[in-house]
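>>> I'll drop the sequence and a predicted model, then ask my questions.
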Amino acid sequence: MTQRLKIFIAYCYPDQKWLQRVRTAMAPMPPEDFVVWDDRKFRAGNAWKNELSAALAEADLAVMLVSDIFLDSDFVARANFPALLAKARREGGPRLAWVLVSHCLHEAAGLNPAYAVNDLDNPLDGISASRRDAAVAIIAAKLRALAAGEKYVPPAPPAPAPTGRRGSKASAAPPPPPPEPVESPYSRRLGQLVQARFESVAQLRTLERWMLWAALGFLILSPPASMARGNFLLLPLIAGFSILLATLALVLRTRTDLLAHSITGIQYIRTSFEDEALPGRQRNLLKQKAGQLLGEA
């Protein structure tokens with residue numbers, strides 16, 4: 001009798017559709033082979049710590065569905081989940097893997113790119129539906145292989161087209177590729193807004209660091225500059241300028257944090273448009289909110 005595999009999956013509840021797609025692609029593995037944790041299980045107190053440790057101890061593979069919402073959830077804020085999984089792995093725990101489902105600052109969360117099972121330049125919500133289905137199928141195959149402790153072997157390429165007597169290709173033309181699905185204009189424009197805000201956050205973080213370094217440099221250089229010129233009035237002036245520069249950098253940090261936090265809400269609205277089961281009233285409310293966001297951008 002073959003040993004049953006256990007796969008632990010951590011995700012944030014708004015990303016439930018990605019969980020369903022990955023689990024569907026991993027069929028025919030039965031539901032009891034999966035241990036699923038979402039951010040709703042982080043209750044008050046410390047009882048969840050024992051439950052989480054017990055679930056990881058039984059698992060053969062631990063998987064994270066990573067998005068900006070996931071990085072902003074209790075998985076990172078309370079459980080420091082990436083570090084917890086790395087520690088469990090060092091102690092003989094489950095093998096590790098993670099799936100990037102949306103653009104986010106995963107580099108800053110301590111996630112090892114070696115454990116990613118999809119292309120980090122093309123997260124699942126950033127590719128077309130037809131490419132996404134193929135990517136999810138490959139992800140599922142990799143996860144099944146990892147859970148069994150095996151190496152993923154990609155399928156063999158299709159055989160070349162048959163040739164005629166004189167070496168020419170057969171006259172039968174291959175079927176045309178299926179048309180690309182039409183992406184929702186709201187989803188496309190919100191995706192562009194998210195990308196623009198990610199770039200703005202990165203630029204503002206760089207500016208903030210330069211301002212803090214400049215403030216520190218002016219503060220360090222103010223005494224020797226005052227002594228060299230014999231004018232000690234320069235000392236309070238340069239020190240005051242350094243303090244002003246540092247204060248502006250901290251104000252900039254606050255604004256940047258607010259901008260980075262707003263990306264989570266935009267991503268949630270964007271991914272909700274792809275939920276076919278969403279009631280019409282909620283969809284209309286999302287359209288109104290998306291219109292406001294795009295009008296402010």
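Yep, that arrived.
>>> CA only for contacts and neighbour counts going forward, please
Noted.
>>> Sketch out the strands for the stretch 51-200 of the chain, chain order is fine.
All strands of the stretch 51-200 of the chain, identified by DSSP state E, counting those that start in this stretch, fall at 61-66, 95-100.
>>> Which one of those strands lies nearest to residue 233?
strand 61-66 (54.2 Å; C-alpha to C-alpha).
>>> in the closest one, what's buried?
Buried positions in strand 61-66, judged by neighbour count with 16 or more other C-alpha atoms under 10 Å: 61-66.
>>> Kindly report the same for stretch 110-127.
111, 116-118, 123-125.
>>> cool, stretch 129-147 as well?
Buried residues in stretch 129-147, defined by neighbour count with 16+ other C-alpha under 10 Å: 132-133, 135-144, 146-147.
>>> what's the distance between the most far-flung residue of the chain relative to its centre and residue 224?
Farthest-out residue of the chain from its mean C-alpha position, per C-alpha atoms, centre = their mean: residue 230, at 55.5 Å. Look at residue 230 and residue 224: by C-alpha to C-alpha, to the nearest Å, they are 10 Å apart.
>>> now do residue 150
64 Å.
>>> cool, and residue 71?
45 Å.
>>> Run a quick neighbour tally on residue 31.
10 (other C-alpha atoms under 10 Å).
>>> per-residue pLDDT, it?
As predicted, residue 31 sits at a pLDDT of 77.
>>> what residues are up against it?
For residue 31, the contact set (C-alpha atoms under 8 Å, 6 or more residues apart in numbering) is empty.
>>> residues making contact with stretch 75-91?
Stretch 75-91 is contacted from outside by 39, 56, 62, 70, 94-96, 109-111, using C-alpha under 8 Å, 6+ apart.
>>> my bad, stretch 20-28
By C-alpha under 8 Å, 6+ apart, stretch 20-28 touches 136-137, 139-141, 144.
>>> Go again with 7 Å.
The contact list for stretch 20-28 (C-alpha atoms under 7 Å, 6 or more residues apart in numbering) reads 136-137, 140.
>>> before we move on, what about stretch 214-233?
Stretch 214-233 has contacts (C-alpha under 7 Å, 6+ apart) with 234-235, 238-239, 242-243, 245-246.
>>> if we can go back for a sec, quick one: which of the buried residues of strand 61-66 is nearest to residue 205?
Closest to residue 205, out of all of these and judged by C-alpha to C-alpha, is residue 66, at 22.2 Å.
>>> how far away is the closest one from residue 96?
Distance, residue 66 to residue 96, using C-alpha to C-alpha: 13 Å.
>>> Residue 8 now?
Distance of residue 8 to residue 96, computed by C-alpha to C-alpha: 10 Å.
>>> Between these two, which contacts overlap?
61-63.
>>> Might you list the low-confidence residue ranges for the stretch 151-297 of the chain?
152-188, 231-232, 234, 261, 264-265, 267-287, 290, 292-297 (pLDDT under 70).
>>> Would you state the helices of it in chain order?
185-229, 234-272, 280-296 (DSSP state H, counting those that start in this stretch).
>>> Tell me which residues of stretch 203-212 come out buried.
Residues 204-205, 208, 211-212 are the ones in stretch 203-212 that count as buried (16+ other C-alpha under 10 Å).
>>> Show me which of those is closest to residue 49.
Nearest member of those to residue 49, counting by C-alpha to C-alpha, is residue 205, at 33.8 Å.
>>> ok, the closest one to residue 249 distance?
10 Å.
>>> can you list the domains in the chain?
For the chain, automatic domain parsing gives the domain ranges 7-147, 185-296.
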